[in-house]
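Novice: okay, sequence plus prediction incoming.
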Amino acid sequence: MSDPVVVTRSLVKHYGNVAALDGLSLSVPRGSIYGFLGRNGAGKTTAIRVLAGLAHPASGEAKVFGLHPERDRVALLGRTGFVIEKTLLPSLTGNELVRFNRGFFPGWSDALAAKYAAALEIPMDRKFRKLSQGNRTKLCLLMALAQGAELLILDEPTLGLDPVITDQLLRILVDDVAASGRTVLMSSHHLSEVEKIADWVGIVDRGRLLLEAQLDDIRSGYARLRVAGRELPRQDPAIVTVAETEGVTEYVLRSGAGEFATELRRQGALVLDVSPMNLSEIFLELVGKEKHDALEVLA
Amino acid sequence: MLWKCWRDLRLFVWIGLAWLGVVAATIVYAHLRGSAETHITTASHAGRVMPEFVAALAMIQMAFVLLAWSMGTVGIGRDIGHDAGSWMLTRPTPRGRFVWTEWASGLTALALLLALAEFVWWLCMRLHIFRFVIESPNSTATPLFIEPVFPLELATVTSLCVFLLLALIFSVTHCGTVSLRHSTRGLIFCLGFLIAYAILFHEIAHYGPTWMPRLPDLLLDPSAGGGPPVAYRPHLASSILERLAVLPLFPLIAQFFLRRAEV
């Protein structure tokens, strides 16, 4: 991976006895839409808070544009749009929030703000506290989109949005943001949305990154094999997981499924099924089990 | 950011102005009614009316104490309490700027309100004196009789001393609100601070060893006591400067906590 915009190395963050981040390392390439996937409580929001300088890691390092989130926070925040908690100043209207926010960003565009307010159907003359949850989320997104940031870091941006607005937002991220060479890091547990727009994905669970890869590599490389046979191999660089039930061994492979199947046949095994895997199946395979310790980077 | 400070503080400014209007109207009403019922023929009239003005001044100042207390609860501390902290603290500006801008804006608003209040009060009193002289041509009293009781200079110095108390209350509340990241906690913090200070002041004054320096009064009395002509207390200027020097410690403490705050 060349020229990453966001890099974390072995981030550790504890809340009491709970490890929110347990050695998280990820890299977000410049110009990509990076889907940051994980279950509730997996550590996505904590990682984003660390990047924003809102949480201090116990150990490890985070850099955004090569800048330290705490030491260089003003420079970092000037180039990055964050949407974390979907709460703005409750007593201000959308228009007043725009007025307040524009003063912080030299690249702020009133034209973009008006465009997104219309596209996302936001009532800009109502006080924030009187908006529905969906409209609050949209207004938060507008604030980040119109500031002209080089990098957008969005925590669950489609939470509470209806399907039409969700689609509209995803189009904006692809057509307006990514098309202009800007980078998007978007956390979600809605795999279908991420699969629509992302070109990179990172899957996190229990504060650790389990998989980081280009979505195209995942689609073309990952496969599931069901094999019947005795003394089948359990160790191979291509194997992500292996499980045996009722005499049938099921492999999840990251690449080279055809060659692996040929080799098994040569050893006398009966290959029952070879099927490609989608993002959802891979996600469930990685985080839907009690135990997992593989870290996979396909750069 | 100044615009937001004004947005946060404007309700308190309107309340302060409204209260000022009510007190001024009450003074004028009481004064007019008093003059209709009583002919001003003697110099003792001035002495009789003066307590009304002093009471009015006390009403204004007590209201301003509450105002200063309330004004300290707005700003970044309240925003964090309202879950808007992650948005506010991801604006590209040093966190300390929030604290100092809010503190300076709050003190400015308080100073302007207090100055206006004192001016209105002083104006009412001067009008009273003027009427007193006009309506009692045979009276032996002259403005010179009243002038020494509350001259403009003493009124100004008294206002400054009151401002120092208001500024302390505002600064402590603001510091508590930012550090504890909640408006109500800021209010309680200030109340606790004042009560603890009062107890400590009392304990040291009555039971402290003789070598221990006495704590300064929360409200600085500029006069040395006694009747006119007014004499100022010794070392008044240094007492004022000491209090002024203490005030910026509170935003410094608030900034220290805000810089390290996790939101």
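Specialist: Okay, I see it. Residues are numbered from 1 along each chain as shown, chains lettered A, B, ... in the order given.
Novice: the helices in the stretch 1-150 of chain A, which residues?
Specialist: Taking DSSP state H, counting those that start in this stretch as the criterion, the stretch 1-150 of chain A carries its helices at A:44-51, A:73-79, A:94-102, A:110-119, A:133-145.
Novice: is chain B contacted by the third one?
Specialist: Spelled out, it's helix A:94-102. Yes. Using C-beta under 8 Å from any C-beta of the partner chain, helix A:94-102 reaches chain B at A:Glu96, A:Arg99, A:Phe100, A:Asn101. (Each C-beta comes from the backbone N, C-alpha and C, glycine too.)
Novice: in contact with the last one, which residues?
Specialist: So the one you mean is A:Asn101. Counting by C-beta atoms under 8 Å, 6 or more residues apart in numbering or on different chains, A:Asn101 makes contact with A:Trp108, A:Met143, A:Gln147, B:Arg91.
Novice: run the last query once more with 7 Å
Specialist: Neighbouring residues of A:Asn101 by C-beta atoms under 7 Å, 6 or more residues apart in numbering or on different chains: A:Met143.
Novice: next, the contact list for the residue located most distally from the centre of chain A, please.
Specialist: Note on chain A: the largest C-alpha distance from the chain mean falls to A:Gly268, namely 41.5 Å (C-alpha atoms, centre = their mean). If you count contacts by C-beta under 7 Å, 6+ apart, A:Gly268 has them with A:Gly229.
Novice: helix, strand or coil for it?
Specialist: coil (DSSP: H, G, I helix; E, B strand; the rest coil).
Novice: for it, give me phi and psi.
Specialist: phi 100, psi 10 (degrees, to the nearest 10).
Novice: distance-wise, check it relative to A:Tyr251.
Specialist: Distance of A:Gly268 to A:Tyr251, computed by C-beta to C-beta, to the nearest Å: 16 Å.
Novice: point out where the chain drops to low pLDDT.
Specialist: Going with chain A. Counting by pLDDT under 70, the low-confidence segments of chain A come to A:1-2, A:289-299.
Novice: meant chain B, my bad for not saying
Specialist: Using pLDDT under 70, the flagged stretches of chain B are B:33-52, B:132-151, B:225-230.
Novice: what about the helices in it?
Specialist: Ranges of helices within chain B are B:2-37, B:44-71, B:76-81, B:85-88, B:95-135, B:143-146, B:152-180, B:183-207, B:236-246, B:249-260, based on DSSP state H.
Novice: tabulate the ones you listed (a markdown table), appending mean neighbour count and distance to A:Lys13.
Specialist: Formatted as a markdown table, the helices of chain B follow (neighbours: other C-beta atoms under 10 Å in any protein chain shown; distance: least, C-beta to C-beta, whole Å):
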| stretch | mean neighbour count | distance to A:Lys13 |
| --- | --- | --- |
| helix B:2-37 | 15 | 31 |
| helix B:44-71 | 18 | 36 |
| helix B:76-81 | 25 | 19 |
| helix B:85-88 | 23 | 16 |
| helix B:95-135 | 18 | 20 |
| helix B:143-146 | 14 | 69 |
| helix B:152-180 | 22 | 23 |
| helix B:183-207 | 15 | 25 |
| helix B:236-246 | 14 | 38 |
| helix B:249-260 | 18 | 15 |
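Novice: and A:Ile282, which of those is closest to it?
Specialist: helix B:85-88 (30.9 Å; C-beta to C-beta).
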